[in-house]
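Here is a sequence together with a model predicted from it:
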Amino acid sequence: NAGVTQTPKFRVLKTGQSMTLLCAQDMNHEYMYWYRQDPGMGLRLIHYSVGEGTTAKGEVPDGYNVSRLKKQNFLLGLESAAPSQTSVYFCASSYSSGTGELFFGEGSRLTVL
Amino acid sequence: KQEVTQIPAALSVPEGENLVLNCSFTDSAIYNLQWFRQDPGKGLTSLLLIQSSQREQTSGRLNASLDKSSGRSTLYIAASQPGDSATYLCAVFAAGNKLTFGGGTRVLVKP
């Protein structure tokens, strides 16, 4: 079982460049989430999705866009990267929101110069 | 706004000692509470999930309790081993699809 897979695992960008992080899950989960983890700030929710074709804003959505065209995939996009977006990004999924156990990917480390 | 606190931020114990990790939250209207383990450079691994109607959950050497009324959860790890060294995070799930994480407790188990 692959579980939750994130690609790429590492990426270096220059300010103003764009990129997309891909999250794929093979557990048929309805709910998917994107978090960022920063020292001293903990894990913060960027965007989430409660099903195919749906997305919603989390705690820190500015500068990011997401899409959930297929149930198993959740994409996180940075249209114009900024140094403040240097972080480790985690994708997570769960079968249901209220009672479901959350499963995380291994993380994607992004550096914006 | 839900706030989740984990104290202490770091903990060092000799091998074999029992570990007690604390998690407190400000709003008791939660659906569940989950404990995670995170190794350096890795993602989060789910350890235990306690539903709001439950008082505790056990898995092997791990036992987690939940007291909603006081806004507290405790993770006990019996007979600690060097392999238990990691950061442990708790997270509470509440209405509005909001999962709020604590800052974590970094644990070092010395051989």
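Nice, thanks for sending it over.

Name whatever forms a beta bridge with residue A:23.
Beta-bridge pairing of residue A:23 under DSSP bridges involves residue A:6, residue A:74.

actually residue B:109, not the one I wrote
Under the criterion used (DSSP bridges), residue B:109 bridges to residue B:13.

What pLDDT is listed against it?
What the model reports for residue B:109 is a pLDDT of 97.

Equivalent analysis for residue A:37, please.
pLDDT for residue A:37: 95.

isn't it right up against residue A:88?
Yes - assessed by C-beta atoms under 8 Å, residue A:37 is found in contact with residue A:88 at 4.8 Å. To be clear about C-beta, it is placed using only N, CA and C from the backbone, and glycine gets the same treatment.

which neighbours do those two share?
Common neighbours of residue A:37 and residue A:88 (criterion: C-beta atoms under 8 Å, 6 or more residues apart in numbering or on different chains): residue A:107.

out of those two, which sits in the more crowded spot?
Shown here are residue A:37 and residue A:88; by other C-beta atoms under 10 Å in any protein chain shown, residue A:37 has more neighbours (20 against 17).

The more buried one: helix or strand, and which one exactly?
strand A:31-38 (DSSP states H and E).

Would you map the strands across chain A?
Remark: strands assigned in chain A by DSSP state E are A:4-7, A:10-13, A:19-25, A:31-38, A:42-49, A:56-57, A:65-67, A:73-78, A:87-94, A:103-104, A:108-112.

so what's residue A:71 closest to, chain neighbours aside?
residue A:52 (4.3 Å; C-beta to C-beta, 6 or more residues apart in numbering or on different chains).
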